[in-house]
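> Structure, please.
(one chain, ligands or ions: 2)
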Amino acid sequence: MNRDWIATARTLSEALPFMQRYTGAIVVVKFGGNAMGDDAEMAAFARDIVLMRQVGVNPVVVHGGGPMINDMLKRLNIESKFVRGKRVTDQATVEVVEMVLTGLVNKRIVQAIMDEGGRAVGLSGKDDDLMVCEPDDPELGFVGRPIEMNVQVLRDLFTAGIIPVVAPVATGTEVTETYNVNGDTAAGAIAGALKADRLLLLTDVQGVKGPDGEVVTELSPDDVRKLTAEGVIAGGMIPKTETALKAIEEGVRAVVIIDGRVSNACLLELFTEHGSGSMIRSDNRPPLPK
Ligand SMILES: Nc1ncnc2c1ncn2[C@@H]1O[C@H](COP(=O)(O)OP(=O)(O)O)[C@@H](O)[C@H]1O
Ligand SMILES: CC(=O)N[C@@H](CCC(=O)OP(=O)(O)O)C(=O)O
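Numbers count the residues shown, from 1 in each chain. Ligands and ions are numbered 1, 2, ... in the order given. Next comes the predicted model:
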């Protein structure tokens with residue numbers, strides 16, 4: 001059991017009703033490269049995920065690894081270039097992206113979950129054709145937009161008690177094609193295809209900030225559109241809120257943007273009364289029953 005979190009939740013009895021409410025729920029967690037930190041922080045994240053599984057939640061980890069890709073490209077003297085938050089990906093770059101994400105980063109997370117006593121299996125969008133893409137934009141090269149999702153493999157892993165850890169690299173409709181997919185986009189597409197109960201997007205701010213700079217704890221899709229039109233939601237927050245709106249349209253119950261730097265961020269969101277970060281949901285699909 002995670003003592004830090006129990007201390008934060010004050011008593012286990014406070015947490016139990018929430019744990020019971022989430023039994024059998026599907027929770028997709030996007031774990032970005034900036035949120036990964038050192039080995040201790042990685043272990044803390046892995047403990048949260050293992051505890052979720054132990055109380056009967058079906059977690060799916062979808063990871064990024066942008067900073068790790070940048071490091072490897074630098075070592076190989078390949079230039080990194082981004083357009084509207086997405087990496088311009090030529091043939092040489094896509095090879096490095098696949099090596100770093102499906103190799104180094106994916107296996108580091110799998111190993112951390114195993115070390116904390118869970119069972120994890122790493123896969124990419126190529127495994128069992130989980131995520132099939134078409135080119136997102138000719139300007140971006142081999143950057144993919146998911147067009148077909150085959151999530152049965154994830155359900156099979158849930159049944160076996162195994163935590164899937166997914167690298168955002170995908171296959172195309174033509175043989176031998178490889179696509180680099182933005183981590184938020186991949187997490188949203190997977191959550192949408194699973195009609196997940198929660199999509200948690202871990203980032204490096206406390207949540208979505210409103211015009212006064214304060215974190216807005218509850219937003220409807222219309223609130224998000226309004227804040228974006230006003231320029232309050234900007235930069236790296238745009239792909240996250242766009243992902244959130246699309247995922248909700250596809251049937252995800254709620255998307256929560258939370259601070260991945262806070263210890264026990266996922267557990268605090270799921271298993272405490274106040275939750276954390278900014279929750280985006282529509283009125284069409286009610287929250288989990290109390
Ligand atoms: N309204 C807003 N609320 C919070 N963050 C915002 C907002 N508008 C822009 N941002 C920026 O979005 C950033 C998060 O996006 P990004 O850095 O791409 O995250 P990550 O690396 O976790 O994927 C924040 O650090 C912040 O600078
Ligand atoms: C198309 C695109 O931009 N893909 C991303 C994939 C990794 C990612 O999303 O990593 P973070 O979540 O750590 O930013 C990239 O190449 O950096």
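> Near ligand 2, which residues of the chain are found?
Proximity of the chain to ligand 2, by CB under 6 Å from any ligand atom, involves residues 32-34, 64-66, 69, 86-87, 97, 143, 168, 180-183. In this view, the C-beta of every residue, glycine as well, is placed from N, C-alpha and C.
> Which pLDDT value goes with the nearest residue to Asp129 once chain neighbours are set aside?
Once flanking residues are discounted, Asp129 sits nearest to Asn150: 4.8 Å by CB to CB, 6 or more residues apart in numbering. What the model reports as pLDDT for Asn150 is 98.
> Look up how far ligand 2 lies from Asn150.
Counting by CB to the nearest ligand atom, to the nearest Å, the gap from Asn150 to ligand 2 is 20 Å.
> what's near enough to touch that residue?
Asp128, Asp129, Leu130, Met131, Val132 (CB atoms under 8 Å, 6 or more residues apart in numbering).
> What distance do you get for the residue of the stretch 101-250 of the chain found nearest ligand 1 to Ile280?
The nearest approach of the stretch 101-250 of the chain to ligand 1 comes at Gly236, 2.2 Å away (CB to the nearest ligand atom). Separation of Gly236 from Ile280 (CB to CB, to the nearest Å) stands at 16 Å.
> Which residue of these two possesses the greater neighbour count?
Neighbour count, other CB atoms under 10 Å: between Gly236 and Ile280, Ile280 has more, with 28 against 13.
> Can you pull the phi/psi pair for the closest residue to Ala254 other than its chain neighbours?
With CB to CB, 6+ apart as the measure, Arg281 is the residue that lies nearest to Ala254, at 3.8 Å, once sequence neighbours are left out. Backbone dihedrals for Arg281, given as degrees, to the nearest 10, come out at phi -150, psi 160.
> Show me what from this structure comes close to ligand 1.
Residues of the chain lying close to ligand 1 by CB under 6 Å from any ligand atom are 32, 34, 203-205, 208-209, 232-237.
> What distance do you get for the residue of the chain most remote from its centre to Val96?
Relative to the mean C-alpha coordinate of the chain, counting by CA atoms, centre = their mean, the farthest residue is Asn77 (29.3 Å). Separation of Asn77 from Val96 (CB to CB): 11 Å.
> now Leu199
According to CB to CB, Leu199 stands 28 Å off from Val96.
> And these two? Which one has more around it.
Leu199 (30 against 19).
> List the residues that contact the residue nearest the centre of the chain.
The structure's the chain has its C-alpha centroid closest to Lys30; by CA atoms, centre = their mean the separation is 1.2 Å. Lys30 sits next to Val62, His63, Gly64, Gly183, Asp184, Ala187, Leu199, Leu200, Leu201, Leu202 when contact means CB under 8 Å, 6+ apart.
> now swap in Ile26 and tell me
By CB under 8 Å, 6+ apart, Ile26 lies in contact with Val57, Asn58, Val60, Phe158, Ala191, Leu194, Lys195, Ala196, Asp197, Arg198.
> Select from the contacts of Lys30 every entry located in strands.
Val62, His63, Leu199, Leu200, Leu201, Leu202 (DSSP state E).
> and those, which two are the farthest apart?
Spatially, the most separated pair among those is His63 and Leu199, at 14.0 Å (CB to CB).
> just to revisit the earlier point, not counting its neighbours along the chain, what's nearest the residue of the stretch 101-250 of the chain closest to ligand 1?
Spatially, and ignoring its direct neighbours in sequence, Gly236 is nearest to Gly85 (6.1 Å; CB to CB, 6+ apart).
> What is the neighbour count of the one you found?
Other residues within reach of Gly85, judged by other CB under 10 Å, total 14.
> Could you double-check that it lies in contact with Val143?
No - look at Gly85 against Val143 with CB atoms under 8 Å: they stay out of range, at 10.8 Å.
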